[in-house]
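Novice: Make a model of this:
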Amino acid sequence: MIKKKWEKFGEENPYYAVLTLDKFDNEKFSEKAREEFFRTGYEYIGRIWDEIETHFEKDFAPRTALDFGCGVGRLVIPIAERAERVVGIDISEKMLEKADENAVRLGFSNAEFYQTDEFFEKNDKTFDLIHSSIVFQHIKPSKGLEIFSKLVGVLSENGIGVIQFTYKDPSSKLDSLRFKLYRDFPVLHKLRNIIKRSRQSLFPMYEYNLNEVFEILQTNDCHKCYVRFSHHGMNGVVVFFQKKKSFIY
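Specialist: Numbering: from 1, shown residues only. Presented below is the predicted three-dimensional model:
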């Protein structure tokens, strides 16, 4: 069901599905908007690198990197400038097709793309950087924590992870209840669109128990962590962590 939904987004409105701003909607999308879309990726990765180099490793230069939920490659492209090899994985094959097209169009030959299940079935490599932004918030926590554990498992010794999670819906109880009803019973949202004559898309959002997130990190020897807050529809955190088995308590 979820894969089908994201395949539809990837086919009908791929850039808007990544950044829900009107200028990235298919009906208004232009070459200028495409340039701005990727510029936001470069700016974001620049800030992430600054934080990594401030709190973890100066002159950080990963050989291998992984971006989970890569969409059309907005963040894979700037990472590819900083790493020898980068892998983007996503649930949507339509998104991956667009990501590969963008990498080729922009001249990057060190980027590879895989569907999520295919990657976890075949991968036997580790990565110096694993990254994911505004992705886990759209995945049910039971499945998301399973994926997170697998990602941490492919992080190399001394490798660094940067993963964003949401933990709290700050909206009113009524608005929160309405959203959860639309999310869990999509037919209600379809009925709402019919009544309002709207084509509004619904992107599912979930809250994570951060205790479970940190338990996975601790049990996988990721003992050095740095956390800052984020907000993308819900209150969240960006968790930076490094795998260091030799950590002394």
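Novice: can you pull out the helices in this protein?
Specialist: Assigned helices in the chain, in chain order: 2-12, 14-18, 31-55, 76-80, 93-105, 116-122, 141-153, 173-184, 186-196, 210-219 (criterion: DSSP state H).
Novice: Could you pull out the buried residues of the second one?
Specialist: It refers to helix 14-18. Across helix 14-18, burial judged by 16 or more other Cβ atoms under 10 Å covers 14, 15, 16, 17, 18. Using the backbone N, CA and C atoms, a C-beta is placed for each residue, glycine as well.
Novice: Quick check: of the residues you listed, which lies closest to residue 55?
Specialist: Using Cβ to Cβ, residue 18 is the member of those that sits closest to residue 55, with 26.8 Å.
Novice: measure the closest residue to the closest one other than its chain neighbours to residue 215 for me?
Specialist: What sits nearest to residue 18 in space, not counting adjacent residues and going by Cβ to Cβ, 6 or more residues apart in numbering, is residue 71, at 4.3 Å. Remark: distance between residue 71 and residue 215 (Cβ to Cβ, to the nearest Å) = 28 Å.
Novice: where are the low-confidence patches of this protein?
Specialist: 1, 9-10, 246-249 (pLDDT under 70).
Novice: In it, where's the longest strand?
Specialist: strand 155-168 (DSSP state E).
Novice: elements contacting that one?
Specialist: Helices and strands touching strand 155-168, by 3 or more Cβ pairs under 8 Å, 6 or more residues apart in numbering; DSSP states H and E, are helix 31-55, strand 127-132, helix 141-153, helix 210-219, strand 235-242.
Novice: Comparing those, which comes out most buried?
Specialist: Mean neighbour count (mean count of other Cβ atoms under 10 Å) peaks for strand 127-132 among these, with a mean of 25.
Novice: Give me the sheet partners of that one and which way each runs.
Specialist: Strand 127-132 has its sheet partners listed here by DSSP bridges as strand 64-68 (parallel), strand 155-168 (parallel).
Novice: Residues in contact with it: which ones?
Specialist: Here strand 127-132 makes contact (Cβ atoms under 8 Å, 6 or more residues apart in numbering) with 48, 60, 62-69, 75, 79, 83, 87, 151-152, 154-156, 158-164.
Novice: Which of those residues are buried, as a ChimeraX select command?
Specialist: To isolate the buried members of the contacts of strand 127-132 in ChimeraX, using 16+ other Cβ under 10 Å:
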select :48,60,62,64,65,66,67,68,69,75,79,83,87,151,152,154,155,156,159,160,161,162,163,164
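Novice: before we move on, back to that, adding distance to residue 133 as columns, could you present the buried residues of helix 14-18 in a markdown table?
Specialist: Output for those, formatted as a markdown table (distance: Cβ to Cβ, whole Å):
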| residue | distance to residue 133 |
| --- | --- |
| 14 | 17 |
| 15 | 16 |
| 16 | 17 |
| 17 | 14 |
| 18 | 10 |
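Novice: of these, closest to residue 118?
Specialist: Once Cβ to Cβ is applied, the member of the buried residues of helix 14-18 that ends up nearest residue 118 is residue 14, at 19.5 Å.
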